[in-house]
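S.K.: Give the three-dimensional model of this entry:
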Amino acid sequence: MPENYDVILVGAGLANGLIALKLRQRQPQLRILMLESHAHPAGNHTWSFHQDDLSPNQLQWLQPLIAHRWPGYQVRFPSLRRNLSGEYCSITSADFAQRLYEVMADDLWINTPVNEVRPTQVTLADHRVLHAAVVIDGRGLQHTPHLQLGYQAFIGQEWHLARPHGLTQPILMDATVDQQQGYRFVYTLPLSTDRLLIEDTHYINQPTLTEHTARLNIADYAKAHHWSLSLLLREEQGSLPITLSGDIDAFWLQQRGQPCSGLRAGLFHATTGYSLPTALALAERIAQLLPCDATTLSRAIEQFAHEQWRTQRFFRLLNRMLFLAGHPDQRWRVMQRFYRLNAGLISRFYAGQLQLGDKARILCGKPPVPIGEAVRALMTTSSKPGKK
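M.R.: I've put the predicted structure just below:
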């Protein structure tokens, strides 16, 4: 075991995994170590994105990892059913983990919990201390008082069916279901003719779901669509942060100069929770910058995060409309109105690339929630001016 490394990646999730793959490709001379506290890297997830979320070069680079792709998708609401074109893609954690094993080999340590992470050293649970020029913390979002958050909480089950399901494209949102305690929809990916991933998804104020209820919801949804569930292949669950407002400067002061990635760095689409496009962009920036010292890297990541924060100001405004205006079980009206808009606008929304005219189009007309509550939601900010 070498005493020192160029880079130590703490956590083997999506963000750090993409950094590792980029560094191995562009800078194979670097001594890189990846630490994962669990028994295997990449967790138990399905990461999806729209083709237009990425540049052609990014899409080409990611191509070997894409497990499923479809030429379009569907959304369903009480007064709207719409098919939208544009390739939709998914990466599985199993495939991603296999690629990490291949590329990192003995430099990927599993079952290795850590006690302390600093910019240039890591203390393991067994008290060994590892040193590096830079340590990147990718262990997920830590508790912070500096972001006001809602959550997209979900439980998903991958099922083998007794008979073909008949779907030809994903259903990204089916909000025709009972809304229960907030904006609820079912997300369905047809992985093969007789295999489905069905996710019960809620935009709610707390990060957890009642697991038993979510599983019953999935069973009821399958029954309503005459899908004969035969064998449960796996189950995944998660809670994606949805940012309403916050103080980005205070958030980064909390990091104390620690280079970090992914949710740990607050890098995700503020409204959808999608994180792959931003994680890939950060991996590219880090691969261009290294080798460097930890202070330089931390400042570069912070600058990148500030750029993303400024870009997503309008999305946080929309999130406040969704979470703070109107009754929770009527939040679907906001989304139904949105999905009536121009297909190009919707594509740019997912990509985080809204134009000025797009923003005007989203806000114009009668809001789908009480006007007074809509105005109050839009005016709600964090405690410090200019940080919303």
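S.K.: Please count neighbours and contacts with C-alpha atoms only from this point.
M.R.: Will do.
S.K.: I'd assumed D194 was in contact with H165.
M.R.: Yes - at 5.9 Å, H165 counts as touching D194 under the criterion of CA atoms under 8 Å.
S.K.: Which residues are in contact with each of these two?
M.R.: Shared contacts of H165 and D194, defined by CA atoms under 8 Å, 6 or more residues apart in numbering, are absent.
S.K.: so after the strand or helix carrying W252, what's the next helix or strand?
M.R.: If you go by DSSP states H and E, W252 is part of helix 248-253. Using DSSP H and E, the helix or strand that follows helix 248-253 towards the C-terminus is helix 276-289.
S.K.: what's the next secondary structure element after that next one?
M.R.: For helix 276-289, the following helix or strand on the C-terminal side (DSSP H and E) is helix 294-311.
S.K.: And that next one, what does it pack against?
M.R.: Where contact means 3 or more CA pairs under 8 Å, 6 or more residues apart in numbering; DSSP states H and E, helix 294-311 is packed against strand 129-137, helix 248-253, helix 276-289.
S.K.: Would you mind listing the buried residues in the last one?
M.R.: Taking 16 or more other CA atoms under 10 Å as the basis for neighbour counts, the residues of helix 276-289 that come out buried are L276, P277, T278, A279, L280, A281, L282, A283, E284, R285, I286, A287.
S.K.: List the contacts of it.
M.R.: 14-16, 18-19, 22-23, 26-27, 47-49, 53-54, 58, 261-262, 267-269, 297, 301, 304.
S.K.: Run the angle between it and helix 294-311 for me.
M.R.: Angular relation of helix 276-289 and helix 294-311 on a 0 to 180 degree scale: 150 degrees, by axes from the mean of the first three to the mean of the last three CA atoms, to 10 degrees.
S.K.: Report the distance from helix 276-289 to the chain centre.
M.R.: Here the centre of helix 276-289 is set off from its chain's centre by 15 Å, with CA atoms, centre = their mean, to the nearest Å.
S.K.: so L18 is in which element?
M.R.: Per DSSP H and E: helix 14-26 holds L18.
S.K.: Show me what that helix is packed against.
M.R.: strand 4-10, helix 93-104, helix 276-289.
S.K.: can you list the ones you listed in TSV and add mean pLDDT and distance to L209?
M.R.: What follows is these, written out as TSV (pLDDT from 0 to 100; distance: least, CA to CA, whole Å):
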stretch	mean pLDDT	distance to L209
strand 4-10	96	28
helix 93-104	98	22
helix 276-289	97	24
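S.K.: For F323, which of the ones you listed is the nearest?
M.R.: Counting by CA to CA, F323 lies closest to helix 276-289 out of these; the figure is 23.7 Å.
S.K.: can you state the direction angle for that closest one and helix 14-26?
M.R.: For helix 276-289 against helix 14-26, the angle by the same axes, to 10 degrees is 40 degrees.
S.K.: Just the buried residues of the contacts of helix 276-289.
M.R.: So, by 16+ other CA under 10 Å, the buried ones in the contacts of helix 276-289 are 14-16, 18-19, 22-23, 47-49, 53-54, 261-262, 267-269, 297, 301, 304.
S.K.: Can you spell out which helices and strands pack onto the top strand by length along the chain?
M.R.: Identified as the longest strand of the chain according to DSSP state E is strand 229-246. When contacts are defined as 3+ CA pairs under 8 Å, 6+ apart, strand 229-246 packs onto strand 147-161, helix 313-324.
S.K.: For the next helix or strand after the last one, the averaged confidence score.
M.R.: What it means is helix 313-324. Going down the chain from helix 313-324, the next helix or strand is helix 332-338, by DSSP H and E. Throughout helix 332-338, pLDDT has a mean value of 92.
S.K.: Counting neighbours, which bits of helix 332-338 end up buried?
M.R.: Here helix 332-338 shows W332, R333, V334, M335, Q336, F338 as buried, counting by 16+ other CA under 10 Å.
S.K.: quick one on the thing from earlier: may I have the longest strand of the chain exported as PDB, CA atoms only?
M.R.: Coordinates of each C-alpha in strand 229-246 appear next as PDB, following Å, rounded to 0.1, in the frame of the first residue of the first chain:
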ATOM      1  CA  LEU A 229     -46.300  -9.300 -11.200                       C
ATOM      2  CA  SER A 230     -44.400 -12.600 -11.000                       C
ATOM      3  CA  LEU A 231     -40.900 -12.200  -9.500                       C
ATOM      4  CA  LEU A 232     -39.500  -9.200  -7.600                       C
ATOM      5  CA  LEU A 233     -35.900  -8.800  -8.900                       C
ATOM      6  CA  ARG A 234     -34.800  -5.800  -6.700                       C
ATOM      7  CA  GLU A 235     -36.000  -2.800  -4.800                       C
ATOM      8  CA  GLU A 236     -34.400   0.700  -4.600                       C
ATOM      9  CA  GLN A 237     -35.300   3.700  -2.600                       C
ATOM     10  CA  GLY A 238     -34.100   7.200  -2.300                       C
ATOM     11  CA  SER A 239     -34.800  10.800  -1.400                       C
ATOM     12  CA  LEU A 240     -33.600  13.500  -3.700                       C
ATOM     13  CA  PRO A 241     -33.300  17.100  -2.400                       C
ATOM     14  CA  ILE A 242     -35.400  19.700  -4.100                       C
ATOM     15  CA  THR A 243     -34.000  23.200  -3.300                       C
ATOM     16  CA  LEU A 244     -36.400  26.000  -2.500                       C
ATOM     17  CA  SER A 245     -33.900  28.700  -1.400                       C
ATOM     18  CA  GLY A 246     -30.700  29.000   0.600                       C
END
